[in-house]
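**Q** Fold the stuff below for me.
(2 chains)
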Amino acid sequence: MDNEEIAKVFNKIADLLDIKGVQFKPRAYRRAAREIESLSRGVVEIYRDGNLENIPAVGENIAEKIAELIETDGLEYLEKLKEEIPIDPGLLKVRNLGPKKAKKIWEELGVTTIDQLEKAISEGKVRELSGFGKKSEKNISKGLKIVERTRGKYLINEVLPVGGTIKGKLLDSNLFDKVRVAGSLRRHKYLIGDIDILGTSLNPNKAMDFYTGLEEVDEVISKGETKSSVRLDNDIRIDLRLVAGDSFGAASQYFTGSQPHNVRLRELAISQGYKLSEYGLFRADNEEKVAGETEESIYEKLGLNWIPPELREDRGEIDAAKMGKLPQLITEGDVNGDLHCHSTRSGDGKNELADLADEAAKRGYSYLAVTDHADAPGVISGIKEGDVEEHIAQIRALNERYDDVHLLAGVEANVQPDGSFRLSDGALEQLDIVVAGVHSHFDMEEEGMTERLLRAIAHREVNIVAHPTGRKVGERDSFSLNWEKVFDKARECNTALEINASPSRFDLDDRLIKGAIDRGVKLSIGTDSHQLRHLDFMQLGIYLARRGWAQESDVINALRYEELISWLEK
DNA sequence: GCCGTTTTCGGCCCGACTGTTTTCAGTCG
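**A** A predicted model of the protein is given here:
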């Protein structure tokens, strides 16, 4: 039981209590979950020390439940609740369906799963419930479609470590010569359906025995000499394929995909008198194998530069490779800092300024922007007009203590419906950096929303527009924008658009990143960190940037400190 | 279920918006 698992349990309890209509307790459990998630120490360790109740929001009762979870790996209280309310947790992720409506459709229609909800809607049953109507039905239906698009898929950050662990174990067994993670995970897509792993082995039977016998394996779906599929205890599916060593490159190319990329590549092979398969590149006339041991050899024979996996989506990469015009994709080493982070000054931020500075130094950053919420809506308190000076002063004082890391004093200012800000121009002017973000009124029509964003982009103190589409993965669609206008204005005003690296957002997405770059817009990769470990999201942001064809020169946080400062002057 | 210069009980964020109502309930941010 790690911190995240325990937090998950408490969030689930909160959901179920919400449905029961219990007041205030859900809030208590959610608070506890959030505190536990953001701890830097392991809860198990704290438990051993007998200090559970020192954790904020953890009292006698929740401490007892944590102890039970650690000791027994389960929780009777949760099991009872689940029995009482057999609603699938996924159902509560549907937008426009809150606890009250979920309760109603369960009690009156017996709906407990997403499938049943879809059926009930298509049968017209939902709209007939009192308190529901045609509009409610339509809104829930919309929510269902968003869930549908991400169903059964995992975020890259959930799958990445799993792929790494399994690969490591296979290699350590000495039963495999080569092992490579392929598929969409190698292409660093942000949503992953399953993991594809490719290997070579001199002893396929033993190798497959070892693989299907791994301790993480919950179910063996199929098992053969060249292909076995398993489902892990965390429900992720992994396919392992064994190939001959001299086909490893061809198989690697084939199983990395994407399918459209492969189709284009095969057409190209045919046009040059070859045949390309997962076994290799062959001459069409006499079946002679001309390449296959490495990916490079295949691309080279076809007259192409080797194409980085992130680009293999049939979005022009094959033509670019033919002409030697593939981008030199940005790498982790190119990034010199993070330009979107929150401190405790944001109501929802956990980072102390000094910790942020230490962490930035540890990562070898030369700068980090502290961009706390300014007058954000809802519960999140933040920087008000009168707080700006103190915010700046604290950061300046801290900077005295560091030679190589510079904290930048900034805000994430809320773009109001008319495109203006609550903070005065005078206050914004004093800050080193201003990140502008839309956090309310998402449903505006395209024209109004575009005007709103254009005005923010054009503001002379605004440097970056955070999470420009407002999309939340699996939760909320992008709002409507005229992207040509947005890109043109951003280039004209030297305002960067953000690649928000937080897995809940991944915004801009790869297509829009490419679109922005094609129109000469600068990008900023920001983690939107609310906790120190969120700074790790930078890697995911770089993957996303690479999928959007970004080079070092497209990204402002690849600039050196002095260069960045002069860029921020607009 | 937690917490405390409101301190061992009483309070816990709240306004905007939407849809379903005929004065309000539910959801979202």
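**Q** how many other residues sit next to residue A:434?
**A** For residue A:434, the count of nearby residues is 26 (other CB atoms under 10 Å). Quick note: C-beta positions are derived from backbone N, CA and C, even for glycine.
**Q** Export the host helix or strand of residue A:65 to PDB, keeping only CA atoms.
**A** Here residue A:65, judged by DSSP states H and E, is contained in helix A:60-72. Presented in PDB, the C-alpha positions along helix A:60-72 are these (Å, rounded to 0.1, in the frame of the first residue of the first chain):
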ATOM      1  CA  GLU A  60      -8.500   9.200  14.900                       C
ATOM      2  CA  ASN A  61     -10.900   7.500  12.500                       C
ATOM      3  CA  ILE A  62      -8.900   7.900   9.300                       C
ATOM      4  CA  ALA A  63      -5.700   6.900  11.100                       C
ATOM      5  CA  GLU A  64      -7.400   3.700  12.100                       C
ATOM      6  CA  LYS A  65      -8.500   3.100   8.500                       C
ATOM      7  CA  ILE A  66      -4.900   3.700   7.200                       C
ATOM      8  CA  ALA A  67      -3.600   1.200   9.800                       C
ATOM      9  CA  GLU A  68      -6.200  -1.400   8.600                       C
ATOM     10  CA  LEU A  69      -5.200  -0.800   5.000                       C
ATOM     11  CA  ILE A  70      -1.600  -1.300   5.700                       C
ATOM     12  CA  GLU A  71      -2.000  -4.300   7.900                       C
ATOM     13  CA  THR A  72      -4.700  -6.100   6.000                       C
END
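**Q** Distance from the chain centre to the following helix or strand past that helix, please.
**A** Sequence-wise, the next helix or strand downstream of helix A:60-72 (DSSP H and E) is helix A:76-84. Relative to its chain's centre, helix A:76-84 lies at 31 Å (CA atoms, centre = their mean, to the nearest Å).
**Q** Now do helix A:76-84, average pLDDT.
**A** Averaged over helix A:76-84, pLDDT sits at 94.
**Q** For that helix, which helices and strands make contact with it?
**A** Packing partners of helix A:76-84 (3 or more CB pairs under 8 Å, 6 or more residues apart in numbering; DSSP states H and E): helix A:3-20.
**Q** Distance from the chain centre to the helix it packs on, please.
**A** For helix A:3-20, the distance to the chain centre is 22 Å (CA atoms, centre = their mean).
**Q** Next: stretch A:333-351.
**A** Offset of stretch A:333-351 from its chain centre (CA atoms, centre = their mean): 16 Å.
**Q** hmm, back to that, show me which residues of the helix holding residue A:65 are buried.
**A** By neighbour count with 16 or more other CB atoms under 10 Å, helix A:60-72 contains the buried residues A:62, A:63, A:65, A:66, A:69.
**Q** Surely the third one and residue A:77 touch.
**A** Yes: under the contact definition of CB atoms under 8 Å, residue A:65 touches residue A:77, with a separation of 6.4 Å.
**Q** Using TSV, please lay out the buried residues of helix A:60-72 together with pLDDT and distance to residue A:285.
**A** As requested, the buried residues of helix A:60-72 are exported to TSV (pLDDT from 0 to 100; distance: CB to CB, whole Å):
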residue	pLDDT	distance to residue A:285
A:62	94	73
A:63	95	75
A:65	95	71
A:66	96	70
A:69	96	66
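**Q** Many thanks, I have nothing further to ask.
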